[in-house]
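In: next comes the sequence, and after it the predicted model I'd like to discuss.
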Amino acid sequence: MTMLLDRSPGFGVYIHWPFCAAKCPYCDFNSHVRHQPVDQERFARAFETELATMRDRTGPREVTSIFLGGGTPSLMKPQTVATVLDAVAKNWTVPAGIEVTLEANPSSVEAERFRGYRAAGVNRVSLGVQALNDKDLRFLGRLHNVDEALHAIGLAREIFPRLSFDLIYARPGQTPEAWQAELERAIGHAADHLSLYQLTIEEGTPFHALHAARKFAIPDNDHAADLYALTQEITAAHGLPAYEISNHARSGAESRHNLTYWRYGEYVGVGPGAHGRFVENGRRVVTIAEKMPETWANLVDAKGHGITGGETLTRSEEADEFLLMGLRLAEGIDLSRYEAFSGRGLSTARLSVLQGEGLVAPIGNARLRATPAGMIVLDAVVADLAR
Ligand code: SF4
């Protein structure tokens, strides 16, 4: 299986396209709605400039994946995508056939544009389907309906070798039976990968205010945990087991780019609000870009980049992040890498307590994973291990 053959953490390039046609009421991503057409040529030039600045910082590297996320990257013109992908290839080595993903919304899918992305080098699409139920799509503030979602899925499967789509569950009033039927229908359309997220209420979003005013209720923790367990059962039974808390794939179809995050690899983040983490002068640095798109572009014009925040991580911060990311994965963590980051092994006393509670489990002598029960309380497990 591909995952086991290639466990290298990797070096990914993330590009953030920050614009959406409308803002979804649950969304806390860095996404902005503009009522005038976006000057895509200007943003393409700014991406080229910031990529070159990042190349100066990372030195020559071999890229293992590229991800165009957002926002809604399917609002980019194919030419904008081509310019950005060409700029990545000008700055680093990009082997033929590496995973190049673009996030798309069913409401902004057009066959011609999809073919243009494919010609530009995109070989995987991640579609924001979110629900196969029109009432819930309206509740989620989405601009598409189920028919449009299914049309987008069909088109993506025709044009791209790889397809993933997202669904949001644990929605208000969602019963296990309704979720099971919807998930099984989704699996019938899924190619090789599904991202299944629980609806969460994020501060600062319209849903936060509505939820606080009791305009709607989401499932309580027990009900949500039941829906999570059901999700694991159904996806595993259909050959799409979870390889990460919320991500499911057929063997070998895991997202290389996301594995880079969870395996604590390196990635460059380019564009408004993008984060990066890579090794510079022997230490892992974090970069955080200005969020407001036009301000970011002005900064890039003035300084060659829009980075306004970040830090150099200490060894112990690296070790904590490594644990937090790696224990999300079914493959768990390599204990010797933890030792290399932290300078010490995990406490055997704490490990045996957590093992006794059924929250973590060894994989042979060299790896440790969180159990399904441990995944649900992962932050607490990691806090305990990292003490
Ligand atoms: S389409 Fe995605 S990024 Fe844009 S507002 Fe909706 S959830 Fe946020």
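Out: Now that the structure is in, tell me what you want to look at.
In: every contact and neighbour count from this point should use C-alpha atoms.
Out: Noted.
In: any chance you could map the strands in the stretch 151-300 of the chain?
Out: 162-169, 193-198, 242-244, 247-249, 266-270, 275-280, 283-289 (DSSP state E, counting those that start in this stretch).
In: against which helices or strands is the third one packed?
Out: Other elements packing on strand 242-244 under the criterion 3 or more C-alpha pairs under 8 Å, 6 or more residues apart in numbering; DSSP states H and E are helix 221-237, strand 247-249.
In: again, only this time at 7 Å
Out: For strand 242-244, the elements it packs on are strand 247-249, judged by 3 or more C-alpha pairs under 7 Å, 6 or more residues apart in numbering; DSSP states H and E.
In: give me the neighbour count for the residue nearest to residue 242 when sequence neighbours are not counted.
Out: Ranked by C-alpha to C-alpha, 6 or more residues apart in numbering and with sequence neighbours excluded, the top spatial neighbour of residue 242 is residue 248, at 4.2 Å. Using other C-alpha atoms under 10 Å, residue 248 has 25 neighbouring residues.
In: same check on residue 329?
Out: 21.
In: how about the contacts made by it?
Out: 243-245 (C-alpha atoms under 7 Å, 6 or more residues apart in numbering).
In: one step back: can you tell me which of the strands of the stretch 151-300 of the chain is nearest to the ligand?
Out: Across the strands of the stretch 151-300 of the chain, the ligand has its closest neighbour in strand 162-169 (10.5 Å, C-alpha to the nearest ligand atom).
In: show me what that closest one is packed against.
Out: By 3+ C-alpha pairs under 7 Å, 6+ apart, strand 162-169 packs against strand 124-130, strand 193-198.
In: from the strands of the stretch 151-300 of the chain, which stretch is densest packed?
Out: Comparing the strands of the stretch 151-300 of the chain by mean neighbour count (mean count of other C-alpha atoms under 10 Å), strand 266-270 ranks first with a mean of 25.
In: so the residue nearest to residue 242 touches residue 239, yeah?
Out: No: with contact defined as C-alpha atoms under 7 Å, residue 248 does not reach residue 239; the gap is 9.1 Å.
In: if we can go back for a sec, residue 119: which of the strands of the stretch 151-300 of the chain is closest?
Out: Closest of the strands of the stretch 151-300 of the chain to residue 119 is strand 162-169, at 14.5 Å (criterion: C-alpha to C-alpha).
In: so what strands line up beside that closest one?
Out: strand 124-130 (parallel), strand 193-198 (parallel) (DSSP bridges).
In: contacting residues around residue 14?
Out: Residues counted as contacts of residue 14 (C-alpha under 7 Å, 6+ apart) are 66-68, 267-270.
In: nearest to residue 99 among those?
Out: residue 66 (6.4 Å).
In: next, residue 138: secondary structure please.
Out: Three-state call for residue 138 (DSSP: H, G, I helix; E, B strand; the rest coil): helix.
In: name the nearest residue to the residue in the stretch 251-387 of the chain positioned nearest to the ligand, sequence neighbours excluded.
Out: Nearest to the ligand, among the residues of the stretch 251-387 of the chain, is residue 273, at 12.4 Å (C-alpha to the nearest ligand atom). Spatial nearest neighbour of residue 273, excluding adjacent residues (C-alpha to C-alpha, 6+ apart): residue 291 at 4.0 Å.
In: where's residue 323, which helix or strand?
Out: Using DSSP states H and E, residue 323 maps to helix 315-326.
In: show me which residues of that helix are buried.
Out: By neighbour count on 16 or more other C-alpha atoms under 10 Å, the buried set for helix 315-326 is 318-326.
In: among the strands of the stretch 151-300 of the chain, which is nearest residue 45?
Out: strand 266-270 (12.1 Å).
In: gap between the residue of the stretch 251-387 of the chain closest to the ligand and residue 177?
Out: Plainly put, residue 273 is 39 Å away from residue 177 if you go by C-alpha to C-alpha, to the nearest Å.
In: who has more neighbours out of the two?
Out: Per other C-alpha under 10 Å, whichever of residue 273 and residue 177 has more neighbours is residue 273, with 26 against 11.
In: what's near enough to touch the more buried one?
Out: Neighbour list for residue 273: 30, 288-291 [criterion: C-alpha under 7 Å, 6+ apart].
In: quick check: beta-bridge partners of residue 195?
Out: Under the criterion used (DSSP bridges), residue 195 bridges to residue 166, residue 247.
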